[in-house]
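Asks: Sequence first, then the predicted structure, then my questions.
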Amino acid sequence: MKRELKALFFDFDGTIAETERHGHRVAYQAAFDELGLGWTWDEALYGELLAVAGGKERIAAFVRERGAKLPDGADPRATIERIHRLKGERFATLAPSIPLRPGVARLIREAKSEGLRVAIVTTAAPEGVEALLEGRSGLRAAIDLIAAGDIVPNKKPAPDIYRFALEALHFAPGEAIAIEDSALGLRAALAAGVPTLITRSSYTLEDDFAGALAVVDDLGEPDAPARVVTGPAPSRGYVDLAYLRRITARSGH
């Protein structure tokens with residue numbers, strides 16, 4: 001039996017805003033420089049490192065797999081924690097200046113006006129999510145749940161964070177749709193049984209999105225239609241609730 005759409009689950013980085021390119025990478029580099037590590041994460045390298053979900057995990061992989069040197073005698077775990085904490089502080093100062101991606105605020109407002117629940121479902125740090133949402137025209141008040149960070153043991157592509165959000169809001173998987181920008185996020189949502197729309201971001205253009213209901217370059221606006229990569233086109237030119245209901249109904253959820 002098909003279920004009614006009752007919730008939107010938004011990923012954060014790359015989905016709500018282009019935070020990876022314009023926020024996190026810049027903040028990491030500032031932290032590295034401040035700590036005198038001599039590390040450089042340029043845009044190309046950072047794109048490769050995004051294959052690892054989670055900031056602390058990404059730093060650990062950089063040290064483990066790419067031979068990055070920690071200060072002599074430094075405790076690896078404590079040093080990674082310190083880097084990540086400092087990076088979070090730098091990101092918080094950048095976040096208010098990072099614009100939301102097209103259609104995000106519009107779709108959240110539409111969902112709330114029709115009584116749907118809205119969650120941010122991410123393995124990013126919750127402090128970064130709050131920093132971006134702070135002061136944005138009541139957007140924070142429209143978010144019913146921020147499921148983020150280390151609240152679950154396994155990060156995307158594991159389904160843990162989606163299962164947490166479903167349980168917290170008391171929904172079955174077919175009653176929500178995920179909006180993601182990456183293959184990692186898509187795999188996490190699908191493993192939890194949540195149908196998924198992809199809005200590609202600048203770092204995920206070449207990802208494999210097999211299994212997504214549709215792939216668009218952004219959600220679009222009335223004066224700036226969404227470009228559809230795969231899947232049905234929105235009848236009004238942009239992603240709205242009618243479109244989300246249509247593609248989830250077609251999926252059999």
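Replies: Good, I have the coordinates. Not measured: the values here are computed from a predicted model.
Asks: C-alpha only now, for contacts and for neighbours.
Replies: Will do.
Asks: Mind giving me the packing neighbours of the helix or strand hosting Y162?
Replies: Per DSSP states H and E, Y162 falls inside helix 160-169. If you count contacts as 3 or more C-alpha pairs under 8 Å, 6 or more residues apart in numbering; DSSP states H and E, helix 160-169 packs onto strand 117-121, strand 145-147, helix 183-191.
Asks: Would you convert those into CSV that also reports distance to L35, mean pLDDT and mean neighbour count?
Replies: What follows is the helices and strands packed on helix 160-169, written out as CSV (distance: least, C-alpha to C-alpha, whole Å; pLDDT from 0 to 100; neighbours: other C-alpha atoms under 10 Å):
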stretch, distance to L35, mean pLDDT, mean neighbour count
strand 117-121, 31, 98, 23
strand 145-147, 30, 97, 20
helix 183-191, 30, 97, 23
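Asks: can I get the ones you listed in CSV with distance to R106?
Replies: Shown next, in CSV, are the helices and strands packed on helix 160-169 (distance: least, C-alpha to C-alpha, whole Å):
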stretch, distance to R106
strand 117-121, 13
strand 145-147, 18
helix 183-191, 22
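Asks: CA atoms only for the longest helix seen in the chain, dumped as CSV, please.
Replies: Longest helix in the chain by number of residues (criterion: DSSP state H): helix 76-94. The C-alpha coordinates for helix 76-94 follow below in CSV (Å, rounded to 0.1, in the frame of the first residue of the first chain):
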residue,chain,number,x,y,z
PRO,A,76,46.8,11.3,17.0
ARG,A,77,43.3,11.2,18.4
ALA,A,78,43.6,14.3,20.6
THR,A,79,45.3,16.2,17.7
ILE,A,80,42.5,15.2,15.3
GLU,A,81,39.9,16.3,17.8
ARG,A,82,41.7,19.7,18.2
ILE,A,83,41.9,20.2,14.5
HIS,A,84,38.3,19.4,14.0
ARG,A,85,37.2,21.7,16.9
LEU,A,86,39.2,24.6,15.6
LYS,A,87,37.9,24.0,12.1
GLY,A,88,34.3,24.1,13.5
GLU,A,89,35.0,27.5,15.0
ARG,A,90,36.3,28.9,11.8
PHE,A,91,33.4,27.4,9.8
ALA,A,92,30.9,29.1,12.2
THR,A,93,32.3,32.5,11.2
LEU,A,94,32.0,31.7,7.5
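Asks: sorry, back to before: mind listing what's buried along the helix holding Y162?
Replies: 160-166 (16 or more other C-alpha atoms under 10 Å).
Asks: G220: which of those is nearest?
Replies: Using C-alpha to C-alpha, Y162 is the member of these that sits closest to G220, with 24.9 Å.
Asks: check contacts around the closest one.
Replies: Listed by C-alpha atoms under 8 Å, 6 or more residues apart in numbering, the contact partners of Y162 are 121, 188-189, 192, 194.
Asks: Which stretches in this protein count as strands?
Replies: Remark: strands assigned in the chain by DSSP state E are 7-10, 117-121, 145-147, 176-180, 196-199, 214-216, 228-230.
Asks: I83: which of those strands is closest?
Replies: Across the strands of the chain, closest to I83 is strand 145-147 (C-alpha to C-alpha), at 22.7 Å.
Asks: and P157, how many neighbours?
Replies: By other C-alpha atoms under 10 Å, 20 other residues sit near P157.
Asks: do the same with L107
Replies: By other C-alpha under 10 Å, the residues close to L107 number 19.
Asks: Identify the residues contacting it.
Replies: 239-241.
Asks: go with 10 Å
Replies: Taking C-alpha atoms under 10 Å, 6 or more residues apart in numbering, we find L107 in contact with 8, 113, 219-221, 238-241.
Asks: and those, which two are the farthest apart?
Replies: Most distant of the contacts of L107, by C-alpha to C-alpha, are S113 and G220, 18.8 Å apart.
Asks: and the longest helix of the chain, what other elements does it pack with?
Replies: When contacts are defined as 3 or more C-alpha pairs under 10 Å, 6 or more residues apart in numbering; DSSP states H and E, helix 76-94 packs onto helix 25-34, helix 55-66, helix 126-133.
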